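1. Everything below, folded, please.
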Amino acid sequence: MGTIPELLQQVQANGHDVWTSGPQPEAAIAALEAKLGVQLPPSYRAFLARHGAMAIYDSTISGIIGGQRLDESYGSLYGDTLRFRSKWDLPSYLLVIQPDEDAPYCLDTRSPSATGEFPVACYELHSKHVSRIASDFEDWMRHFFLEGWAAEKEL
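-> Below is the predicted model:
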């Protein structure tokens, strides 16, 4: 298990293209928070500031694309969250960080830690069951998003 930058390098070294929308300005992050009515957790804010949004093949991490904090397109936190709320009655306390047509991964804003981090939950669309899967965004990104891609070298 490495750091997120190390895992990203390993993913790229294994021949996988990693797309990011690029660093996003603080003003765009703050405007997104204002629109959502929530202070985003430090680890996710750092992701937005460094990467904006990310995709490896068809797996994405929703974020901010091109400084457009209220972009409603696929791959934006705002757009993906609105789409799942409208189509699947996603609870208002969940923010979609990885859209999945069966069970999106979301930041659960109900119970921030003492450091302001939100746990990551999986929302099962058909049963509407919410299950906590990681203590925070960084833990989820490392264990559930990057390690599988990085491990392909060993296959």
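
2. CA atoms for contacts and neighbours, from now on please.
-> Fine.

3. mind listing what the spatially most central residue of the chain touches?
-> Nearest residue to the geometric centre of the chain (Cα atoms, centre = their mean): Ile97, 2.9 Å. Contacts for Ile97 were tallied using Cα atoms under 8 Å, 6 or more residues apart in numbering; they are Ile61, Ser62, Gly63, Leu77, Asp80, Pro104, Tyr105, Cys106, Leu107.

4. who wins for neighbours among the residues you listed?
-> Neighbour tally across these (other Cα atoms under 10 Å): the maximum, 34 neighbours, falls on Gly63.

5. so who does it touch?
-> Gly63 touches Leu48, Gly52, Ala53, Met54, Gly75, Ser76, Leu77, Tyr78, Ile97, counting by Cα under 8 Å, 6+ apart.

6. before we move on, the earlier item: how far away is the residue nearest to the centre of the chain from Asp58?
-> Counting by Cα to Cα, to the nearest Å, the separation of Ile97 from Asp58 is 14 Å.

7. Next, format the contacts of Ile97 as JSON lines and append secondary structure and distance to Ala34.
-> Shown next, in JSON lines, are the contacts of Ile97 (DSSP: H, G, I helix; E, B strand; the rest coil; distance: Cα to Cα, whole Å):
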{"residue": "Ile61", "secondary structure": "strand", "distance to Ala34": "21"}
{"residue": "Ser62", "secondary structure": "coil", "distance to Ala34": "17"}
{"residue": "Gly63", "secondary structure": "strand", "distance to Ala34": "15"}
{"residue": "Leu77", "secondary structure": "helix", "distance to Ala34": "13"}
{"residue": "Asp80", "secondary structure": "helix", "distance to Ala34": "17"}
{"residue": "Pro104", "secondary structure": "coil", "distance to Ala34": "23"}
{"residue": "Tyr105", "secondary structure": "strand", "distance to Ala34": "22"}
{"residue": "Cys106", "secondary structure": "strand", "distance to Ala34": "18"}
{"residue": "Leu107", "secondary structure": "strand", "distance to Ala34": "16"}
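
8. Closest one of these to Ser127?
-> Pro104 (12.6 Å; Cα to Cα).

9. I'd say that closest one and Leu94 touch.
-> No - applying Cα atoms under 8 Å, one finds Pro104 not in contact with Leu94, separated by 9.9 Å.

10. Give the residue spans of this structure that score low on pLDDT.
-> Applying pLDDT under 70 to the chain flags residues 1-3, 67-69, 71, 149-155.

11. residues touching Leu48, list them.
-> Counting by Cα under 8 Å, 6+ apart, Leu48 touches Pro23, Gln24, Ile29, Gly63, Ile64.
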